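let's see this in three dimensions:
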Amino acid sequence: MPGGRLTQQERQQIALGLADDLAYAEIARRLDRPTSTITREVMRNGGPLAYRADLAHRATEHRAHRRREAAPPQGREAPPQAHGRDAEAVRAYVEVFTTLLMQSGLPRMTSRVLAHLYTTDAGSLTASELVQHLQVSPASISKAVTLLESQGLIRRERDERRRERYVVDNDVWYDGMIAAAKSHAQLAETARQGVGVLGPDTPAAARLEGIARFVDFVGEGMTRAAEQAREVLYTKPEPPAPAEPTR
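Residues are numbered from 1 along each chain as shown. The predicted structure is shown next:
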């Protein structure tokens with residue numbers, strides 16, 4: 001099985017495969033590559049709908065150039081990853097996670113910040129730590145965390161050194177779901193206001209009333225599900241049962 005980086009020709013084959021609605025596994029089989037390689041390649045370069053072979057190739061070269069520039073001087077090794085993790089695998093995973101967050105509607109820098117917060121063991125980072133990790137300006141970090149905080153995806157706290165830290169934890173998921181449910185309720189209320197303005201017997205009003213009923217139902221379901229599932233966020237998975245000895 002070939003190793004190393006994907007070639008431009010392989011990326012063109014990936015683009016053709018995506019255009020033909022082939023599964024990642026089938027594209028990987030045709031290229032004699034691991035399926036995980038194809039998945040990472042597509043997700044870090046726009047996803048299956050936006051993947052372009054030439055843009056992906058240039059982006060990969062740009063990332064490789066940035067990594068070479070950021071490499072530690074000879075004689076100084078990069079700090080080891082915690083828990084014996086593979087640094088390259090972690091980096092690739094963070095890129096995939098970032099791409100998925102972007103596809104959900106978050107801006108690129110905001111997605112990068114959130115992905116790094118979720119994948120740090122502490123669950124929190126300071127602004128200076130984020131600047132160092134992402135190699136961007138403090139202004140970029142400030143803009144990203146302001147957006148994340150406004151959407152209830154992170155919170156701020158002070159550590160023992162009085163430094164401001166940006167935190168993701170289990171409560172953020174619950175609070176974000178409740179905030180989304182409240183947003184649905186506001187949308188339903190606004191839609192019903194339109195019914196009165198446009199006239200209850202008009203097609204436009206009927207459309208708005210249908211929207212209001214739909215988002216009411218969805219919002220109530222989200223709130224109910226969040227309340228019922230909240231304890232899941234704090235329940236540790238049970239260890240797998242020991243395998244039975246073979247005879």
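
what residue ranges in the chain are flagged as low confidence?
1-3, 63-82, 237-247 (pLDDT under 70).

in contact with the residue most central in space within the chain, which residues?
A centroid search over the chain (Cα atoms, centre = their mean) returns Leu101, at 3.0 Å, as the residue closest to the centre. Contacts for Leu101 (Cβ atoms under 8 Å, 6 or more residues apart in numbering) come out as Thr110, Ser111, Leu114, Ala115. Backbone N, C-alpha and C define where each C-beta goes, glycine included.

again, 6 Å this time
With contacts defined as Cβ atoms under 6 Å, 6 or more residues apart in numbering, the neighbours of Leu101 are Ser111, Leu114.

buried ones in whichever strand or helix holds it?
Under the assignment given by DSSP states H and E, the secondary-structure element containing Leu101 is helix 87-103. Residues of helix 87-103 classed as buried: Ala92, Tyr93, Val94, Glu95, Val96, Phe97, Thr98, Thr99, Leu101, Met102 (neighbour count, 16 or more other Cβ atoms under 10 Å).

buried stuff in the biggest helix by length in the chain?
Selection of the longest helix in the chain by residue count, based on DSSP state H, yields helix 170-198. Applying a neighbour-count criterion of 16+ other Cβ under 10 Å, the buried positions in helix 170-198 are 172-174, 177-178, 180-181, 184-185, 187-188, 191-192, 194-195.

just checking, what packs against that helix?
Contact here means 3 or more Cβ pairs under 6 Å, 6 or more residues apart in numbering; DSSP states H and E; on that basis helix 170-198 packs against helix 203-229.

starting at the chain centroid, how far to the helix it packs on?
Relative to its chain's centre, helix 203-229 lies at 26 Å (Cα atoms, centre = their mean, to the nearest Å).

same check, this time on stretch 39-47
Using Cα atoms, centre = their mean, the offset of stretch 39-47 from its chain centre is 13 Å.

equivalent analysis for stretch 117-135, please.
Put simply, stretch 117-135 sits 15 Å off its chain's centre (Cα atoms, centre = their mean).

export stretch 209-217 to CSV, keeping only CA atoms.
Taking Å, rounded to 0.1, in the frame of the first residue of the first chain, the C-alpha atoms of stretch 209-217 are listed here in CSV:
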residue,chain,number,x,y,z
GLU,A,209,-48.4,29.8,11.2
GLY,A,210,-47.1,26.5,9.9
ILE,A,211,-43.5,27.7,10.6
ALA,A,212,-44.5,28.8,14.1
ARG,A,213,-46.1,25.4,14.9
PHE,A,214,-43.1,23.5,13.5
VAL,A,215,-40.4,25.4,15.4
ASP,A,216,-42.6,25.3,18.6
PHE,A,217,-42.6,21.5,18.3
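
so what touches it?
Contact partners of stretch 209-217, identified using Cβ under 6 Å, 6+ apart, comprise His184, Leu187, Ala188, Ala191, Arg192, Val195.

switch the cut-off to 8 Å
Under the criterion Cβ under 8 Å, 6+ apart, residues His184, Ala185, Leu187, Ala188, Glu189, Ala191, Arg192, Val195 lie in contact with stretch 209-217.

distance to Thr223 for the residues you listed - can I get that in a markdown table?
Rendered in a markdown table, the data for the contacts of stretch 209-217 read as follows (distance: Cβ to Cβ, whole Å):
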| residue | distance to Thr223 |
| --- | --- |
| His184 | 9 |
| Ala185 | 9 |
| Leu187 | 14 |
| Ala188 | 13 |
| Glu189 | 15 |
| Ala191 | 18 |
| Arg192 | 19 |
| Val195 | 23 |
